[in-house]
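Asker: Pasting the sequence and the predicted coordinates here, then a few questions.
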Amino acid sequence: MKSSIFRRSGPGATQPTIGEDRSLKRDPCENPKGKSQYRGVDTQKNTEELPPPYNSSPRPAPSEDDSPRRIRRPSKMSNYSKKEQLQRFLVEILAFSLDTDVCLVKEAMESSESSAPCKGSESSILSEDEREYLLSLSQIVGDAHEMFKRNQWNLVPDENRKEISDAVVGPFCDQIQEAYLLDMIYTYAKHQCDPERRKHTLASRYAALIGYFHPSDPNSTSKKTRMPSYMIEQARVKLHETMKSHTWVIDLASPNEKVRMILRRALRDFQKTIGMEETKVGDQASPFLCWPFREGLEGLNKAIRDS
């Protein structure tokens with residue numbers, strides 16, 4: 001005889017056998033509005049604890065931080081041409097990088113113009129509007145570089161592409177390695193000609209890596225760095241190449257012979273300070289070989305020229 005899972009105790013009545021879960025048994029006396037049809041389960045309470053459905057909350061609005069920065073031009077632009085303005089930016093960066101007397105440079109640049117004498121406290125050859133524009137230009141170059149490396153070139157605003165092309169790549173197109181100029185402009189946002197952040201300049205970047213701070217001390221390099229010897233040698237090579245490349249930029253950026261000679265002397269003195277031999281323009285075979293520069297800037301330059 002087949003056994004049944006229920007045992008009858010009365011007409012039409014059933015009782016669970018041993019082992020049957022009573023919590024799942026329907027209770028016809030339970031109020032369906034407040035309680036579950038199953039004993040021991042409070043539907044109302046559990047519903048309140050559940051998270052809201054996916055479509056119950058509105059989609060968050062895009063943050064302003066998601067939008068790329070756009071070029072900020074000064075309200076009153078200078079009367080300089082694109083080439084002259086880039087020259088002024090490069091001279092500003094070179095003068096700071098090589099720790100040049102700003103007053104000498106400023107007077108040499110304005111020798112043909114009537115201007116007030118330079119004060120010893122001045123630390124820039126640029127006006128406040130020019131510095132703000134250079135900072136904005138530096139920032140959009142940095143943003144474009146990051147987007148290009150992440151394969152997000154299509155997210156770079158057209159006005160930023162045009163500004164980089166007109167202000168950095170275009171003025172000296174096919175006269176020098178434009179990626180090197182892009183790197184010089186790119187680094188401005190990192191140092192902004194602040195003496196406390198001089199280590200971010202192209203001239204100081206590799207000098208800092210190999211410990212060129214106290215050249216009079218023959219052991220200064222070993223005291224200042226724990227880098228492996230092969231990495232120190234690589235940094236030496238890149239520092240030497242940077243100095244050679246700077247000679248070309250000095251010749252290209254200088255608006256006249258006075259400025260060129262001041263910057264050349266500053267480069268010579270800087271090399272002596274860090275214990276390097278003086279480099280000359282002829283040491284770098286071509287201005288198109290200016291190097292090193294950040295990875296991706298050469299591709300960015302090509303994308304700018306093709307856009």
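Answerer: Arrived safely, thanks for sending. Residues are numbered from 1 along each chain as shown.
Asker: could you pull out the helices for the chain?
Answerer: Along the chain, the stretches classed as helices by DSSP state H are 43-49, 82-97, 102-109, 128-149, 158-164, 178-191, 202-209, 220-224, 229-253, 257-273, 297-306.
Asker: got the contact list for stretch 177-195?
Answerer: Residues outside stretch 177-195 that contact it (CB atoms under 8 Å, 6 or more residues apart in numbering): 86, 89-90, 92-93, 96, 123-124, 131, 134-135, 137-139, 141-142, 145, 164, 168-169, 172, 197-202, 245, 249, 287-291, 293-294, 297-298, 300-301. Using the backbone N, CA and C atoms, a C-beta is placed for each residue, glycine as well.
Asker: Drop anything exposed from those.
Answerer: Neighbour-count burial (16 or more other CB atoms under 10 Å) applied to the contacts of stretch 177-195 gives 86, 89-90, 92-93, 96, 124, 131, 134, 137-139, 141-142, 145, 164, 168-169, 172, 198, 200-202, 245, 249, 287, 290-291, 293-294, 297-298, 300-301.
Asker: ok, Gly170 touching Ser81?
Answerer: No. Assessed by CB atoms under 8 Å, Gly170 is found out of contact with Ser81, at 11.1 Å.
Asker: Comparing those two, which residue is more hemmed in?
Answerer: Gly170 (16 against 10; other CB atoms under 10 Å).
Asker: and the residue nearest to the more buried one when sequence neighbours are not counted, how many neighbours?
Answerer: Closest residue in space to Gly170, ignoring its immediate chain neighbours: Lys82 at 6.6 Å, by CB to CB, 6 or more residues apart in numbering. Using other CB under 10 Å, Lys82 has 12 other residues around it.
Asker: I'd like the distance between Lys82 and Thr273.
Answerer: Distance of Lys82 to Thr273, computed by CB to CB, to the nearest Å: 34 Å.
Asker: got a list of what Val141 touches?
Answerer: Val141 touches 164, 168, 182, 185-186, counting by CB under 8 Å, 6+ apart.
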